[in-house]
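*Asks:* Structure for this input, please:
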Amino acid sequence: MNKVLISLVFLLITGCTSVNVEQLDPKMQVSHVCIEENPKVIVHDFLPVVQKGFKRHGITTEVYTDSMPNYCDYHLNYTALKTWDMAMYMHHAELWLYRGLDNIAYAEYHLNGKGGLALNKWASVDSKMDPVINQLLSGYSPELVNAYRKTIPTNESEKELVSETKEDQLRQLKRWLSEELITQEEYELEKQKVLSKKL
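*Replies:* Down below sits the predicted model:
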């Protein structure tokens, strides 16, 4: 009888946390993710925790509010819910990672029954989400990502590139190649594009 009581108390204290993760395939070679800001989420530190989690695995992020930047190959949507029991705490969160319209990874954190009598329900957002993000991105590390990372173009840099001379563009491509920001194949392809342009 005592063992049953002890087991019951343990379950009440620890609660029942449910985590569901579909890992991001390392073959996708994701290095940068654009995150669509969700103004409905009132868990104030949720987004910074997510960004730090991706950075920990070598993946850079940026947040956009209106339209997604045209250079974003991968984008993330999220939601997070909190409730009150003597203090506010997060009881549910989801992350959806997309390539175009295709959902390529997913993660969910959920406190069953909003945590019930569990003491861990008041834990910080990072202590709840860090293990989830680590599982989501388990095949990624800064070393691996940096090996294939490319420079992220912006609308401004594209405008600048147009105004540059062919010589300037060729020098920039050569510099990118020497810094291993692009591959030899990408360099040859971009070089041909520059040389074939009519100024």
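
*Asks:* after the helix or strand harbouring residue 48 comes which helix or strand?
*Replies:* Using DSSP states H and E, residue 48 maps to helix 46-56. Downstream of helix 46-56, the first helix or strand assigned by DSSP H and E is strand 60-64.

*Asks:* So which elements touch the helix or strand following that following strand?
*Replies:* Sequence order places strand 74-84 as the next helix or strand after strand 60-64, per DSSP H and E. In terms of contacts (3 or more CB pairs under 8 Å, 6 or more residues apart in numbering; DSSP states H and E), strand 74-84 is packed against strand 32-36, helix 46-56, strand 88-99. All C-beta spots, glycine's among them, are computed from the backbone N, C-alpha and C.

*Asks:* Next, the angle strand 60-64 makes with strand 74-84.
*Replies:* On the basis of axes from the mean of the first three to the mean of the last three CA atoms, to 10 degrees, strand 74-84 is oriented at 70 degrees to strand 60-64.

*Asks:* Pull out the buried positions in strand 74-84.
*Replies:* Along strand 74-84, these residues count as buried under the neighbour rule (16 or more other CB atoms under 10 Å): 74, 75, 76, 78, 80, 81, 82.

*Asks:* is it true that the last one touches residue 114?
*Replies:* Yep, that's residue 82 we're talking about. No: counting by CB atoms under 8 Å, residue 82 sits too far from residue 114 to count as a contact (9.7 Å).

*Asks:* For these two, list the residues in contact with both.
*Replies:* residue 91 (CB atoms under 8 Å, 6 or more residues apart in numbering).
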